[in-house]
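>>> Please find the sequence and the predicted model below.
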Amino acid sequence: MKGLAPVIIALGAAVIVLVTEAFLFNTFIEQRITREAIARETEFLQGVDKVEMVKRGLSFALYYSLKEALRKNGYSSVSNITDVNSFEKEVEAIFIEYAEASREEIGVTVPAGNLSISLSGDLAEIKFTSSSMLKYNSTWFEIFDNPNITISVKGSELVE
Amino acid sequence: MKAIAPMVIVILGIMVVTGFLAMTIPLLTMRIHISIILNEIYDYNTMDLLVLSLVSSKYDEHSYYKYLSEGDTQVTTTFLQKLSILQKNFGLEGKYTNFYVFIPYERKSENLGKLVRVLNIGG
């Protein structure tokens, strides 16, 4: 009987060690899976929020592009614009810089598109249209949104 | 045989208890772990949504976006006060978020040559 006791104790200890190992291993694997899932969820939400930030800011980027083109040409108002076609090109070139900044700083790609300006006295309507989509790229997902915007400028002020 | 019986019972008892703990403790810790992180994600996203909705609302004739991007200190203070009330209502006191704004072209040089400014909003 006395000889059996150490065997039983060793057996009990082995069982405890095995169960503890299983417990630690289980916890480790589950934590890793959860962390990965949560990291993906966070990344996705960040992507959605960034696209929304760019969408809301795009009309201002367009307005600031127009304002800069006005300043470069020494115009105080859109009513001073004489050659709409060349002015459009200037605005577009500045707007492309904003699009580039969006891609580099925020990670949201503003697609190439067509910029048009229609004038009516001191009121200008500026349209940016593209057949492609606004895009946020991640390693495992992509978010798309419509980049088309239209803004109105009275004199040199944005009409919101 | 009589002496072995209690030992077997003790070992079986230890196995049952440790087995039970091995199954329940990871689940319990995981549950706590997940709820804490999900809460953080929820707070983060809600904070972003609060800022996004407030940024689009108007102050006088223009949206807050314009004032934030142009760096109007007075309106930014009003914006932060409004945001602080919203944060209180949503239990998000002390939380911050990054908000990206396009800045006026003439301010590019003040912003290290960049057309996007990152605002750390909240508190």
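Right, received. Where do you want to start? Residues are numbered from 1 along each chain as shown, chains lettered A, B, ... in the order given.

>>> Helices of chain A, start to end?
Assignment of helices within chain A using DSSP state H yields the ranges A:4-73, A:84-101.

>>> Now tabulate those in a markdown table and tack on mean neighbour count.
In this view, the C-beta of every residue, glycine as well, is placed from N, C-alpha and C. Shown next, in a markdown table, are those (neighbours: other CB atoms under 10 Å in any protein chain shown):
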| stretch | mean neighbour count |
| --- | --- |
| helix A:4-73 | 17 |
| helix A:84-101 | 18 |
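
>>> Out of those, which gets the lowest mean score?
Ranked by mean pLDDT, the helices of chain A end with helix A:4-73 in last place, scoring a mean of 86.

>>> Run the contact check for that one versus chain B.
Yes. With CB under 8 Å from any CB of the partner chain as the measure, helix A:4-73 is seen reaching chain B through A:4-5, A:8, A:11-12, A:15-16, A:19-20, A:22-23, A:26-27, A:30-31, A:34, A:38, A:41-42, A:45, A:49-50, A:52-54, A:56-58, A:60-61, A:64-65, A:67-68, A:71.

>>> just stretch A:123-140 next, same as before
No. Using CB under 8 Å from any CB, stretch A:123-140 stays clear of chain B, coming no nearer than 12.1 Å.

>>> Now do the buried residues in that stretch.
A:124, A:126, A:128, A:130, A:134-136 (16 or more other CB atoms under 10 Å in any protein chain shown).

>>> so how far does that stretch reach from one end to the other?
Start-to-end span of stretch A:123-140 (CA to CA, to the nearest Å) is 44 Å.

>>> Repeat that for stretch A:149-160.
First-to-last residue span, stretch A:149-160, CA to CA: 13 Å.

>>> In TSV: the helices of chain A, plus distance to B:Gln81.
TSV is the format used below for these (distance: least, CB to CB, whole Å):
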stretch	distance to B:Gln81
helix A:4-73	21
helix A:84-101	30
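
>>> tell me which element the residue lying closest to B:Tyr59 once chain neighbours are set aside falls in.
Leaving aside its chain neighbours, B:Tyr59 sits nearest to B:Val75 (5.6 Å; criterion: CB to CB, 6 or more residues apart in numbering or on different chains). Using DSSP states H and E, B:Val75 sits within helix B:73-89.
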